[in-house]
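[1] Sequence plus the predicted model coming up.
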Amino acid sequence: MSSSLSALPNLNKSDGTDASIENINEAVKGKHVALYFAAGWCPMCTSFEPSLMQFREAANASGKNVEIIYVPSDRQAADVVKRTSAMNMLSVPIGEEADAMKTKYKIWAGAESMKLGMGRRSGVPALVVLDGSGDEVAFLAAESKGAKALADWPLDDSGLW
């Protein structure tokens, strides 16, 4: 496993099944990668997503390919599959693995504060852009900035996986 892939937790394909290392490597190779923290029950998330999908399509069409990995705050695995299928995204498995990513990056929904604490830097939606080593290079505060946060995504060649 490459060092960048080791920075990621286990992931699921958009249909909810386990993604193999080969699936993950194929999905991220040569792309700009971001973790997308969101929930289907969150109106701010669902209203942000059309802009996010347009951004992804425009970036990919311009040769600046991006891969977005969903970090769910959804309450049921079926909700995650519904969302990742619709948005064609890999996802972090719901539960402990997603909670670990939320804690690591200090991003979770307000409804999760009783479980994850009060020390968050942002609620949902939010994105964390990773470099080719799996380190954070940008935080996109979509909760407070909406679609304007996407302008902060660095799309130069230095962040490719």
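    Looks like it came in fine. Numbers count the residues shown, from 1 in each chain.
[2] shaky segments in the protein?
    Low-confidence segments of the chain, defined by pLDDT under 70: 1-4, 158-161.
[3] what about the helices in it?
    3-6, 21-28, 43-61, 77-87, 96-105, 113-116, 142-145 (DSSP state H).
[4] Okay, buried residues for the fifth one please.
    Judged by neighbour count using 16 or more other CB atoms under 10 Å, the buried positions of helix 96-105 are 97-99, 101-102, 105. All C-beta spots, glycine's among them, are computed from the backbone N, C-alpha and C.
[5] Also the fourth one?
    Under the neighbour-count criterion of 16+ other CB under 10 Å, helix 77-87 has 79-81, 83-84, 87 buried.
[6] Likewise for the third one?
    Along helix 43-61, these residues count as buried under the neighbour rule (16+ other CB under 10 Å): 44-45, 48-49, 52, 55-56, 59.
[7] same deal with the last one?
    For helix 142-145, the buried set under the neighbour-count rule, 16+ other CB under 10 Å, comprises 142-143.
[8] Does anything pack onto it? Which helices or strands?
    helix 43-61, strand 126-130 (3 or more CB pairs under 8 Å, 6 or more residues apart in numbering; DSSP states H and E).
[9] do you know which of those lies nearest Asp156?
    Of all the helices and strands packed on helix 142-145, strand 126-130 sits nearest to Asp156, with 11.2 Å by CB to CB.
[10] neighbouring strands for the closest one, and are they parallel or not?
    When pairs are called by DSSP bridges, strand 126-130 turns out to pair with strand 32-38 (antiparallel), strand 136-140 (antiparallel).
[11] circling back to that earlier point, so for Ala7, which of the helices and strands packed on helix 142-145 sits nearest?
    strand 126-130 (7.0 Å).
[12] Now do the contacts for the closest residue to Gly16 other than its chain neighbours.
    Nearest residue to Gly16, sequence neighbours excluded (CB to CB, 6 or more residues apart in numbering): Val81, at 4.0 Å. Neighbouring residues of Val81 by CB atoms under 8 Å, 6 or more residues apart in numbering: 14-16.
[13] I'd like the residues you listed as JSON lines, with distance to Met118 appended.
    Formatted as JSON lines, the contacts of Val81 follow (distance: CB to CB, whole Å):
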{"residue": "Ser14", "distance to Met118": "33"}
{"residue": "Asp15", "distance to Met118": "35"}
{"residue": "Gly16", "distance to Met118": "31"}
